Structures are given as structure tokens and as C-alpha cells.
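In: Following is a predicted model, sequence given first.
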Amino acid sequence: MIYTYQHGEDIYTINLEPQADGTYNATIGEASYSVRVRGGADGGLLLEIDGERHRIHTATDEDQRYVAVNGETYTLTAIDPAARRRKAAGPSGDLTAQMPGQVVEVLVDEGETVESGQTLVILEAMKMEIRVSAPADGVVKQISVVQGDVVERGQVLIELGES
């Protein structure tokens, strides 16, 4: 799983590789870390990075990610190269799950006209809320999931067409 975020003027690409023991190998630039993620009783997460523990809380609003780590808050902008390519190519195409998770809510109906940036589906993965948004204006041609479905990475959620 590859994620790209912008913080200030800097862009960071994070590659997460699940390991057999339930940890992740996280690579950021040239640095690699062993990461274990656990849910906290307060709705936050406990990250163990190379043996060092960090309590975090996250929130999502469109492409903004707010991360509070040990009392400091960071605002990150998610950069999805695939979404940028879809937007450049027009609204036609499939929107897929970027990671395994569960469908929390489907916010549109087939045939509905949607606007660029409009949230279409909300997923939950690893205790995080993931909003799947329209890459461009268009029409919902087909919805392939319902609330409660468990989805795999790459699974089609919604097919969009031109309006």
C-alpha cells in the first residue's frame, strides 16, 4: 500500500507492507521502520515504531488528514496519483478501495449526478475513516457495494460516467 502526503512544502511517500506477524514494514524515503498498530480504548491508535510507542488520533475531511501524535497536531494533504490521473482523463471509470476495509456508508444512488470532490462512499480500515470522493463531475453508473460489505484492496466500489 502506497500513500503520498504533503505537509507544508514537503511531499512524503509512505510504502506499507503487511508482515506475517501482524506488523508493517513502513518505508518513508530512504528510511524503513517496523510498525505495529493497535486500537486504543479512547478511539485513538497506539503505534509502536521500532519499539517506541506513540499515541495518535486521526480525523479526515476530504483530502485533509489531521493527525495528533503525542499532543502535537499535523495537517497532511493526501495526494492520490491515481485520482489525479482519473480526474485528468475525465469522470468515467471505476473507483476502487485503496485498502481492505468495511463499507460504513454509501452516500449516493445509481443515476445520481455528482460533483468533483463529493464524498460517495465512507470506508473504515484500521480504525480510520476513508472517504472515497468523485475525481470529477459525473453520473453514478453503478454501485457495487452496500453498507456493511467488507472490501479488498482494488475492489470496485462505484463506476462513474460522464454527465
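Out: Arrived safely. Numbering: from 1, shown residues only.
In: How far does stretch 153-163 sit from its chain's centre?
Out: 15 Å (CA atoms, centre = their mean, to the nearest Å).
In: Ser116 and Ser163 touch, don't they?
Out: No - Ser116 is beyond contact range of Ser163, at 11.2 Å (criterion: CB atoms under 8 Å). For the C-beta atoms, the positions are set from N, CA and C on the backbone; glycine is no exception.
In: next structured bit after the helix or strand of the chain with the lowest mean pLDDT?
Out: Counting by mean pLDDT, DSSP states H and E, the chain has its least confident helix or strand at helix 81-89, which shows a mean of 44. Next along the chain after helix 81-89, taking DSSP states H and E as the criterion, comes strand 93-96.
In: packing partners for that next one?
Out: Applying 3 or more CB pairs under 8 Å, 6 or more residues apart in numbering; DSSP states H and E, one finds that strand 93-96 contacts strand 156-161.
In: What is the strand it packs on packed up against?
Out: With contacts taken as 3+ CB pairs under 8 Å, 6+ apart, strand 156-161 sits against strand 93-96, strand 119-125, strand 138-143.
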